[in-house]
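Enquirer: what follows is a predicted protein model with its sequence.
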Amino acid sequence: MKKQKRSVNTRVMPLLLGTLALNTYAGIFDACFGGGEYKPITEQKLQARMSKIPDSFGVCFNKALCLAKVERLLTQADEDVVVAATKTDLTKSTNYTPEYKSLMNLNDDGLLHTSLNNSNAINNLNLGDIHDSGFINFKRLNGDKAFFHTVYVQVSASGEKFLYSANDASLARSIMQAGNDELVQVGGSLRFKMDENTVTGFNRYLTNHEAGEIGFVYTPANQVADNIAHFGNGV
């Protein structure tokens with residue numbers, strides 16, 4: 001898979017800094033502590049770290065960010081910037097703001113996976129495309145064509161991959177109906193091992209969602225950290 005390019009534009013940093021300054025709750029998930037140098041860990045180790053954290057209110061991307069921080073791929077400061085990016089829409093009509101999409105590389109249509117061309121499996125979820133822990137953001141391809149849900153993918157120390165999803169019963173149901181009912185609750189998320197059944201259920205979710213056809217973008221967590229780090233360089 002090609003390395004993703006930074007897509008942060010020069011107007012993002014002032015907006016986010018302003019939001020951070022005004023929003024005293026930008027670090028509301030401070031209990032989701034991270035710290036230390038990153039190295040791949042097992043899914044059991046990630047679960048053990050999460051078990052020490054008080055459960056907090058939050059939507060799907062908050063849970064995903066918490067997992068990335070506990071896995072030590074994002075710092076508290078990184079998380080604060082991403083959370084602030086979800087609050088720049090003063091109308092509060094969406095958390096998937098231009099600033100958030102810039103941090104997550106969601107503006108690059110070349111990274112969008114869909115199932116519209118079902119003759120080519122790479123247009124669906126392909127585990128061979130995922131080499132690092134990171135985020136999957138889902139987008140409606142009809143109607144408002146908006147992003148609406150975020151999950152986290154862990155690539156463990158053994159190379160196995162695990163999907164963590166919160167607040168989306170339809171995705172969990174689709175995976176379970178495909179034959180993977182070995183879900184584990186980790187914090188506020190449900191964890192599924194990304195085996196053949198999970199991939200089948202995931203790809204069915206893309207075509208059977210109540211909103212119609214949907215697509216997704218996978219973004220490595222280290223790419224998000226890199227985008228944040230390069231804010232000050234006019235990237």
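Expert: Perfect, I can see it now. Numbers count the residues shown, from 1 in each chain.

Enquirer: longest strand in this protein, by residue count?
Expert: In the chain, assigned by DSSP state E, the strand with the most residues is strand 147-155.

Enquirer: quick one: the helix or strand following that one to strand 147-155, angle?
Expert: Sequence-wise, the next helix or strand downstream of strand 147-155 (DSSP states H and E) is strand 161-165. Counting by axes from the mean of the first three to the mean of the last three C-alpha atoms, to 10 degrees, strand 161-165 lies at 150 degrees to strand 147-155.

Enquirer: picking up where we left off before, so what are the sheet partners of the longest strand of the chain and their directions?
Expert: Taking DSSP bridges as the criterion, strand 147-155 sits next to strand 134-140 (antiparallel), strand 161-165 (antiparallel) in its sheet.

Enquirer: would you reformat those as a markdown table and include mean pLDDT and distance to residue 82?
Expert: Every C-beta, even on glycine, is put in place using the N, C-alpha and C of the backbone. Output for the strands paired with strand 147-155, formatted as a markdown table (pLDDT from 0 to 100; distance: least, C-beta to C-beta, whole Å):
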| stretch | mean pLDDT | distance to residue 82 |
| --- | --- | --- |
| strand 134-140 | 96 | 10 |
| strand 161-165 | 97 | 16 |
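
Enquirer: picking up where we left off before, okay, buried residues for the longest strand of the chain please.
Expert: Using 16 or more other C-beta atoms under 10 Å as the burial criterion, the residues of strand 147-155 that qualify are 147-155.

Enquirer: same thing with stretch 76-93?
Expert: 76, 78-88.

Enquirer: quick one, phi/psi of the closest residue in space to residue 65 that isn't next to it in sequence?
Expert: Using C-beta to C-beta, 6 or more residues apart in numbering and skipping the chain neighbours, the partner closest in space to residue 65 is residue 79 (5.1 Å). Per-residue torsions, residue 79: phi -60, psi -40 (degrees, to the nearest 10).

Enquirer: longest helix in the protein, please.
Expert: Assignment by DSSP state H gives helix 196-208 as the longest helix of the chain.

Enquirer: now that one: average pLDDT?
Expert: If you average the pLDDT over helix 196-208, you get 92.

Enquirer: what is that helix packed up against?
Expert: helix 169-177, strand 214-220 (3 or more C-beta pairs under 8 Å, 6 or more residues apart in numbering; DSSP states H and E).

Enquirer: strand partners (parallel or antiparallel) of the helix or strand that comes right after the first one?
Expert: The reference is to helix 169-177. Using DSSP H and E, the helix or strand that directly follows helix 169-177 along the chain is strand 184-186. Next to strand 184-186 in the sheet, as set by DSSP bridges, lie strand 189-193 (antiparallel).
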